[in-house]
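Visitor: sequence and predicted structure are below.
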Amino acid sequence: MEPFCVHILGCGSALPTTRHYASSQVVEIRGKFFMIDCGEGTQIQLRRSRVGFTKIQAVFISHLHGDHCFGLIGLISTFGMLGRTGALHVYAPAELGPLLDAQMKLFCTGLEFDVVFHAVDTTRNQTIYEDRSLTVETIPLDHRIACCGFLFREKPTLPHIRRDMIDCYDIPLSQINNIKNGADWVTVDGETIPNSHLTTPASPPRAYVYCSDTRYMPSLAEKVRGVDVLYHEATYDSSCVARARLYYHSTAAQAAQVARDAAVGKLILGHFSARYDQEECLLQEAQAVFPNSLLAHEGLVVQVGQGK
């Protein structure tokens, strides 16, 4: 199975701490690398993760709070110093466009690659990126400013060929793609071998969704139903539920409720408030609602589609 994993670079919130870096992660899928959010310190964490700088082909910014985007211009500058030539695509709320242009004119003149800005409508659920194997959709969230999550979903693949059947019926390699696409096989004796005998079902498509920052949204469960891995902010514990609502954040228990109601495979908690020296209380209250919950931490690599 082709790799599909998430590299956690930072899972803290707005106030800097010595425990966590600001929000950022890299989604690795089928040899492609996409960054979600780019807070301060992202470059250092990218080095530590051993994900090559030159492999990042696009950056998705959820919203324009500094702990999610202050690292972007520095990352672009570094790409220039490393001699990048391939275009970098940036997907973000429209308000970032003019600011990014101004920053680049001041700090990033002479780049040998294009920075292609894509304005994202955070109020709509829509596909904003698509290639042969993947789609990325926006998930509207409820935050103090325009904000959306991102759903990375594999496209369905073709069935697997049964090697024993290929050998048994001496099927030439030139016919493999036809069989993968549903064709039967007719032997030299005129016997028709149904496709179902020649193939096994394809692996189910995998999906990962990033939801930070947001108030608790019961309706979110329907939008992320059945994904393999959900990353959901858990800024506070339940004793701070009023504060969470006031500042448009969620508690760990609320994140777990979304995971449970959506029947996801695994819940990753992140975006922790600086008030916590340890996040074990957040994990405990999430696991009481949704047992397959775990805490994000810098350096964590989460496999998507395993252990669902």
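Guide: Good, I have the coordinates.
Visitor: what is the mean pLDDT for stretch 107-119?
Guide: Mean pLDDT, computed over stretch 107-119, is 97.
Visitor: now that stretch, how far from the centre of its chain.
Guide: Centroid separation for stretch 107-119 versus its chain: 23 Å, with C-alpha atoms, centre = their mean, to the nearest Å.
Visitor: CA atoms of that stretch as CSV?
Guide: The C-alpha trace of stretch 107-119 is given here as CSV (Å, rounded to 0.1, in the frame of the first residue of the first chain):
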residue,chain,number,x,y,z
PHE,A,107,11.9,39.9,1.5
CYS,A,108,11.8,37.5,-1.4
THR,A,109,12.9,39.3,-4.6
GLY,A,110,14.7,37.3,-7.2
LEU,A,111,13.0,34.0,-6.5
GLU,A,112,13.5,31.4,-9.3
PHE,A,113,10.1,29.8,-8.6
ASP,A,114,6.5,31.0,-8.7
VAL,A,115,4.4,31.3,-5.7
VAL,A,116,0.8,30.7,-6.9
PHE,A,117,-1.8,32.0,-4.6
HIS,A,118,-5.3,30.4,-4.5
ALA,A,119,-7.9,32.3,-2.6
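Visitor: show me where the stretch 151-300 of the chain has helices.
Guide: According to DSSP state H, counting those that start in this stretch, the stretch 151-300 of the chain carries its helices in the segments 163-168, 176-180, 195-198, 220-223, 241-246, 252-262, 280-289.
Visitor: can you say which of the ones you listed is packed in most?
Guide: Highest mean neighbour count of those: helix 252-262, a mean of 24 (counted as mean count of other C-beta atoms under 10 Å). Any C-beta I mention is one placed from the backbone N, CA and C, and that applies to glycine too.
Visitor: what angle separates that helix from helix 280-289?
Guide: For helix 252-262 against helix 280-289, the angle between stretch directions is 30 degrees (axes from the mean of the first three to the mean of the last three C-alpha atoms, to 10 degrees).
Visitor: show me what helix 252-262 is packed up against.
Guide: Contacts defined by 3 or more C-beta pairs under 8 Å, 6 or more residues apart in numbering; DSSP states H and E place helix 252-262 against helix 220-223, strand 229-233, strand 266-270, helix 280-289, strand 293-295.
Visitor: what does the longest one contact?
Guide: Looking back up the chat, that one is helix 280-289. Helix 280-289 has contacts (C-beta atoms under 8 Å, 6 or more residues apart in numbering) with 234, 237-238, 251-253, 255-257, 259-260, 267, 269, 272, 276, 293-295.
Visitor: what mean pLDDT does that helix have?
Guide: Mean predicted lDDT for helix 280-289 stands at 98.
Visitor: possible to save the helices and strands packed on helix 252-262 as CSV with distance to Arg153?
Guide: Below are the helices and strands packed on helix 252-262 laid out as CSV (distance: least, C-beta to C-beta, whole Å):
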stretch, distance to Arg153
helix 220-223, 12
strand 229-233, 12
strand 266-270, 16
helix 280-289, 24
strand 293-295, 22
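Visitor: so for Ser212, which of the ones you listed sits nearest?
Guide: For Ser212, the closest of the helices and strands packed on helix 252-262 is strand 229-233, at 4.0 Å, according to C-beta to C-beta.
Visitor: paired strands for that closest one, with orientation please.
Guide: Under the criterion DSSP bridges, strand 229-233 sits next to strand 207-211 (parallel), strand 266-270 (parallel) in its sheet.
Visitor: identify whichever of the helices of the stretch 151-300 of the chain lies nearest to Val116.
Guide: Nearest of the helices of the stretch 151-300 of the chain (C-beta to C-beta): helix 220-223, 27.1 Å.
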